[in-house]
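[1] A predicted structure for the sequence below; I have some questions about it.
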Amino acid sequence: MAGIRALIGLAFSGSIGMTFLVLACALPQYSNWWPFFMVAFYLLAPFPVVISRRYGDGTGNTNPCREIALFITAVIVVSAFGLPIILARAPELTPVIMWGSAGLVITANIIVFLTILGFFIAFDNDDVDYSMW
């Protein structure tokens, strides 16, 4: 039952993060769909860790495969936080996105990446029964 509660909580927090992202794109004063490219970072972030868990030897916490996967994941997360700032600062006369939109995107990034981290913490066990999904 705790797995179901965790899954529902993660789904709720992920939907809140995506709501902030859509608000950054769709509010009338921002009305620009460039911030929606953050979804690519959200989809790419968990892949290195998942692949390293699949192909890692599993002996200990510090093996090179896991370390490289964590580094690549950190690069993806930092890039996701850097892109809206760069888009907001682009040319000073006509910025690609407004600073309010960048703030909403950064808020969405915090919520979605904490949701992804929460998923890995909640379902870290190898003996998780996947048939409950």
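    Right, received. Where do you want to start?
[2] Which elements pack onto the helix or strand containing G118?
    Using DSSP states H and E, G118 maps to helix 99-122. Contacts defined by 3 or more C-beta pairs under 8 Å, 6 or more residues apart in numbering; DSSP states H and E place helix 99-122 against helix 2-26, helix 38-44, helix 64-89. C-beta: built from backbone N, CA, C; applies to glycine.
[3] what do you get if the cut-off is 6 Å, keeping everything else the same?
    Where contact means 3 or more C-beta pairs under 6 Å, 6 or more residues apart in numbering; DSSP states H and E, helix 99-122 is packed against helix 2-26, helix 64-89.
[4] I'd like these written out as CSV, with mean neighbour count added.
    Formatted as CSV, the helices and strands packed on helix 99-122 follow (neighbours: other C-beta atoms under 10 Å):
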stretch, mean neighbour count
helix 2-26, 15
helix 64-89, 16
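[5] re the thing from before, quick one, the helix holding G118 and helix 64-89 angle?
    160 degrees (axes from the mean of the first three to the mean of the last three C-alpha atoms, to 10 degrees).
[6] Many thanks, I have nothing further to ask.
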